[in-house]
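[1] I'd like to go over a predicted model; first the sequence, then the structure.
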Amino acid sequence: MTGPHAPPGQPAPIPPYRLIAITDDLRDGQDGLADRAAAAVRGGATMVQLRLKHTDARVLASVTRALVARVPVPVIVNDRADIALACGAAGVHVGPDDIPAAAIRRIAPPGFLIGVSVGSESEISNAAGGDYTGIGPVYGSLSKLDAGNAIGLLGFAHLADAAGLPAVAIGGITTATAADVMAAGASGIAVIAAIFGASDPEAAARSLRRAIGRP
């Protein structure tokens, strides 16, 4: 599947993966996380990815339902396609150790979004069946300690071209570097600390949207 298209003469719709705000943790509880997600969306985040690596399935499902009810943009769940499907999320984001995108596609309803992490040439085949790739880390990441070594802008551009899907840049991206990754061929960016680690997630998201250019 590819990104959204517009009828001739009309501007293309903003793809949901233009600015993905990836959650960090539940330090301020479920309501606090939902508040921060809603603030990020007010600032211009076009998708929220729920990533709670050390949370059990029951809590993850509860937070998923809360976010789906709270924010007016697609909510996707990291790793857990089963929870995403059961809780009405818009999609899932999977890595190389998760259920392959092609397998999820066979059981998912029409329109279900599937993002796939790609960090090396050996992982490109995992993208089959996905809607977009999350490629990185472009720069070093303190939020995802298992993300691997930084691949840089040239590495990102190479993998984005080879994968053949809309490519979302991830890994250490800030307002100072966002324009550079877009110039390298990114269809969007995904950030954790740059939004959810900010004291004002709404302002942080707004700055990032300006940096990557609207839409």
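    Sure, I can see it. All values reported here derive from a predicted model rather than from experimental measurement.

[2] what about the chain, any weak spots by pLDDT?
    1-12, 141-148, 214-215 (pLDDT under 70).

[3] let's see it at 50
    1-2 (pLDDT under 50).

[4] what ranges do the helices span in it?
    Using DSSP state H, the helices found in the chain span residues 29-43, 57-70, 81-86, 101-107, 152-163, 178-183, 193-196, 201-212.

[5] To Gly134, which of those lies closest?
    Shortest distance between Gly134 and these, using CB to CB, is found for helix 152-163: 10.2 Å. All C-beta atoms are positioned from the backbone trio N, CA, C, and that covers glycine.

[6] what's next to that closest one, contact-wise?
    118-121, 124, 127, 133, 135-136, 138-139, 151, 167, 169, 180-181, 184-186 (CB atoms under 8 Å, 6 or more residues apart in numbering).

[7] quick check, distance from it to the centre of its chain.
    Put simply, helix 152-163 sits 17 Å off its chain's centre (CA atoms, centre = their mean, to the nearest Å).

[8] Please apply the same query to stretch 157-174.
    12 Å.

[9] So for it, what gets flagged as buried?
    157-160, 163, 165-173 (16 or more other CB atoms under 10 Å).

[10] now swap in stretch 27-41 and tell me
    Leu33, Ala34, Arg36, Ala37, Ala38, Ala39, Ala40, Val41.
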